[in-house]
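# Whatever this is, show me its structure:
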Amino acid sequence: MQAKSLSTLGAALIGAAIMWAPQQALAATAAGTVLTNAVTVDYKDGGGTAQTQLTASVNVTVSLVGGVAWGAAPVDQPTSSGDPLAAPYTVTLTNTGNGSDTFTIADGTTESSGNLTAGTFTTTPDEDGGTAGVQLTLFGTISSGAGVYDGTTNTTIPVGNLTVGDLTATVTTVVINGNTYTVAAGSTSTSLVVAGDASADVAAAGVQIGEIATVTYDGTTVGTLSGGTATATHDHSLTATGLALDGNTAATANVTWSTTVNNAVMTVTKYVRNATNANGNTNGVGPTVVNTVTYYTSGVTGNPGDTLEYAIVVANTGSGRGTDVIVTDTFPQFTAYVASSVTVDTNGDGTYDHTLGAGDTEASNEVAGIVETDTGDALGTVLKVYAGVGGVEGAAYAGGTGGEVAGAAQSVILYQLTIQ
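This is a model prediction of the structure:
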């Protein structure tokens, strides 16, 4: 409260112009602070007898001048189509106004590709349970004097019109002059108590103090981040808007970032070579080396009794994971499968790590027309391979699960047939 008094000096004051220099205004004043300006008039009657002092006053309440700021934007977490985020995104929100404010957070996420399924995301905390969008109340105030450190534990800061109910001791975190402090117990409507020595950050009146909170932004379920192109993005945009009171404009701030969604881009190419008669490869077209051996896309010839070796290359040229990869191949007529010839390079590193061995059941199953490997099986003239890393064959040519072909990786399947 500030009182100003005018008194007579010598003779009675009659119609004089009076001027005075006002006090220097504070850098800011806390919202809700009541400014009371009182004036007094002392006078005497014509006979020189002092009369009752006259007083008058007016009150002005300081309005909320909102302010809000997001912290650094989250870093993109690239993910494969169909996968959830590896971890939720987090970003801080700070009240930079002169009083407590309630901010509504709006999610303006858009999709940069028409083939990208719109994601479903949640933002927390949400103090109103979602009935009016995502809302978050953050404490704010202005110091009315210098902070005093008790020398051991806490700093007590004089403030204007503090709403104690907006604070939770040992939980609420505030930013003062760019540094963060945790609110301690003992705050009142005119004093804020924080843990640690904040005296250097609150050396005088007029220092803004605002709560900082962490907003968590997360994809809700597996499959929400999905796309039909090689690479697409969810372009995230969070806008925080405060209250508009007493004709003042609501505080607003925006933060943007993107989530890159990589899809698998799968290709399959089939090659062949005559493994027992080199002359059969003379007219081969499109020679291609697969794991140090040359194969062809066409032009290979063979005589009855020659052995043909086929190479099936399943490649992922995208960045996302290709999962449950199942390769089904039909043997051509007039050929016979060469027992134990199926081998699989599951991850394209040049090593055929799945082959038929002594522990496999191919010999007994061939009687029933079934050929099995660790990653595939064949029934009659059809070969099925559960390719990629982690493929598992099913029982009796059914119920298997394909493996995974990672981005920029491939899986190679070899098998042999004899021309009848």
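
# now the helices for the protein?
Counting by DSSP state H, the chain has helices at residues 362-366.

# Which helix or strand in it has the lowest average pLDDT?
strand 2-6 (a mean of 29; mean pLDDT, DSSP states H and E).

# ok, now which ones touch V68?
Applying CB atoms under 8 Å, 6 or more residues apart in numbering to V68 gives the contacts 93-97, 101, 103, 138, 240, 242, 251-253. Using the backbone N, CA and C atoms, a C-beta is placed for each residue, glycine as well.

# Apart from its chain neighbours, what residue comes closest to T351?
Computed as CB to CB, 6 or more residues apart in numbering, the closest residue to T351 that is not its neighbour in sequence is D345, at 6.2 Å.

# From R273, how far off is the nearest residue to T297 once chain neighbours are set aside?
Nearest non-adjacent residue to T297, counting by CB to CB, 6+ apart: G286, 3.7 Å away. According to CB to CB, to the nearest Å, G286 stands 12 Å off from R273.

# Would you confirm that V159 contacts S143?
Yes: in this structure, V159 is within contact of S143 by CB atoms under 8 Å, at 5.7 Å.

# list the residues that contact both of the two?
Common contacts of V159 and S143 (CB under 8 Å, 6+ apart): I209.

# from memory A409 sits against G348, does it?
Yes: the criterion here is CB under 8 Å, and A409 meets it with G348 at 5.1 Å.

# list the residues that contact both of the two?
Listed as contacting both A409 and G348 by CB under 8 Å, 6+ apart are A315.

# where exactly do the strands run in the stretch 201-350 of the chain?
208-219, 226-227, 231-241, 252-262, 266-274, 288-290, 293-295, 307-316, 322-330, 335-337, 343-345 (DSSP state E, counting those that start in this stretch).

# closest to G165 out of these?
Closest approach to G165 among these (CB to CB): strand 208-219, 12.7 Å.

# Give me the below-cutoff pLDDT ranges for the chain.
1-27, 114-119, 128-132, 220-224, 355-380, 394-399 (pLDDT under 70).

# in it, which residue is closest to the centre?
Y89 (2.7 Å; CA atoms, centre = their mean).

# start to end distance for stretch 333-341?
The stretch stretch 333-341 measures 18 Å between its terminal residues, going by CA to CA, to the nearest Å.

# right, I mislabeled it, should have said stretch 219-234
11 Å.

# and the residue nearest to T297, how many neighbours?
Other residues lying near G286 total 11 when counted by other CB atoms under 10 Å.

# Just list whatever residues bridge to G403.
Under DSSP bridges, the beta-bridge partners of G403 are V325.

# go on, T267?
Beta-bridge partners, per DSSP bridges, of T267: A315.

# surely it meets G322?
No: applying CB under 8 Å as the test, T267 and G322 come out as separate, 10.2 Å apart.

# Looking at these two now, which is surrounded by more residues?
The residue with more neighbours, out of T267 and G322, is G322; 26 against 11, by other CB under 10 Å.

# so what's the more buried one up against?
Listed by CB under 8 Å, 6+ apart, the contact set of G322 reads A264, M266, N316, G388, E404, V405, A406.

# which among those residues end up buried?
Among these, those scoring as buried are A264, N316, G388, E404, V405, A406 (criterion: 16 or more other CB atoms under 10 Å).

# For the closest residue in space to the first one that isn't next to it in sequence, give its distance to G388.
When you say that, I think you mean A264. Spatially, and ignoring its direct neighbours in sequence, A264 is nearest to G322 (3.6 Å; CB to CB, 6+ apart). Distance of G322 to G388, given as CB to CB: 7 Å.
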